[in-house]
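*Asks:* Just to be clear, the model below is a prediction. Sequence and coordinates:
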Amino acid sequence: MTEPKPKRPLTRFLPILLVAAALALALSFRVQDRFSLDALYAQSSALDAYVAQHYLAAIGIFMVIYGLAVASSIPGASFLTLSGGFLFGTWIGGAAAWIAATIGATLIFLAARTAFADVLRSRASGWLARLRDGFRENAFNYLLVLRLTPIAPFFVVNLAPAFFDVKLRDYVLATLIGMIPGAFVYASVGAGLRAALATGAAANPSEAARAILLSPAVFGPILGLIALALLPVIIRAVRGKRAGSAA
């Protein structure tokens, strides 16, 4: 006669409930509506003044907001990265976004793994089963590809590894490496927007859009975003060639 499995304490749901409460609160106050270029540009003078007077504190506040947004799965990570570049420049803004995103993603990973991993691992089917198989084959490489290529929503990539025994070390390392290109490309776009808007072209919306898009500070990062979008195609082509040569 087999002994029944001990029941896990209900306290395991506390972290994910806190995340859900934070998300519900943010959505009820429509925090995501503030994640727009119009809002950023309208408040740029006040933000610039604060950054100039309290530089380190501004970076810290930005990282806390970013980390909490990622941990609670509030949409807008790309905009926040762009804002980091706008406020702090490509390298500082990109680094702050990169570290904060990794921390936030790790927090939601730990919360989800604590609450639901056992249930979802045994009931995975469809696309979730495909993710499970990918993580079982090589968790680090699979997650790294998911981080490098925009083939799945950001919050899905944050959560899915929690359900399939991905080690915390592999998760954090793959997240750190995989987020580097996107963080600095989006931050450079934000820095380019700052440079283009500083020319005064924003007085006329059509002129502003043209100046921003044709600005060397923005055009290069846009090419970088296109390259990121093409990564899945390149990876599939390389895998296809390897499979063909092995056959």
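*Replies:* Now that the structure is in, tell me what you want to look at. Residues are numbered from 1 along each chain as shown.
*Asks:* show me what contacts Asp170?
*Replies:* 139-140, 143 (CB atoms under 8 Å, 6 or more residues apart in numbering). All C-beta atoms are positioned from the backbone trio N, CA, C, and that covers glycine.
*Asks:* does Ile180 really touch Ile99, like I thought?
*Replies:* No: the pair Ile180 / Ile99 is not scored as a contact, 10.8 Å apart, by CB atoms under 8 Å.
*Asks:* tell me which element Leu173 is part of?
*Replies:* helix 168-178 (DSSP states H and E).
*Asks:* circling back: redo the contacts of Asp170 as CSV? Include secondary structure.
*Replies:* Output for the contacts of Asp170, formatted as CSV (DSSP: H, G, I helix; E, B strand; the rest coil):
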residue, secondary structure
Ala139, helix
Phe140, helix
Leu143, helix
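*Asks:* And the contacts of stretch 60-72?
*Replies:* Stretch 60-72 has contacts (CB under 8 Å, 6+ apart) with 19, 22-23, 26, 74, 76-77, 80-81, 83-84, 87-88, 96-97, 99-101, 103-105, 107-108, 111, 154, 158.
*Asks:* in it, what's buried?
*Replies:* Judged by neighbour count (16 or more other CB atoms under 10 Å), stretch 60-72 contains these buried residues: 62-63, 65-72.
*Asks:* What are the buried residues along stretch 134-152?
*Replies:* 134-135, 139-140, 142-150.
*Asks:* what do you get for stretch 69-86?
*Replies:* Buried, per 16+ other CB under 10 Å, within stretch 69-86: 69-74, 76-86.
*Asks:* Just give me the longest helix of this protein.
*Replies:* Counting residues, the longest helix found in the chain (DSSP state H) is helix 90-123.
*Asks:* Report the buried residues of that one.
*Replies:* Those buried within helix 90-123 under the rule 16+ other CB under 10 Å are 90, 92-117, 120.
*Asks:* could you point out where this structure is predicted with low confidence?
*Replies:* Where the chain drops to pLDDT under 70, the residues are 1-35, 114-132, 150, 198-247.
*Asks:* got a list of what Leu107 touches?
*Replies:* 67, 70-71.
*Asks:* Which of those fall in helices?
*Replies:* Judged by DSSP H, helices contain the following of these: 67, 70-71.
*Asks:* re the thing from before, measure how the longest helix of the chain sits relative to helix 168-178, angle-wise.
*Replies:* 140 degrees (axes from the mean of the first three to the mean of the last three CA atoms, to 10 degrees).
*Asks:* SS state for Pro75?
*Replies:* Pro75, by the three-state scheme (three-state DSSP), is coil.
*Asks:* what about it, distance to Phe155?
*Replies:* Distance of Pro75 to Phe155, computed by CB to CB, to the nearest Å: 8 Å.
*Asks:* the helices in the protein, which residues?
*Replies:* Under DSSP H, the chain gives helices at 14-28, 37-42, 44-53, 55-71, 77-88, 90-123, 127-148, 154-159, 168-178, 180-197, 205-214, 216-246.
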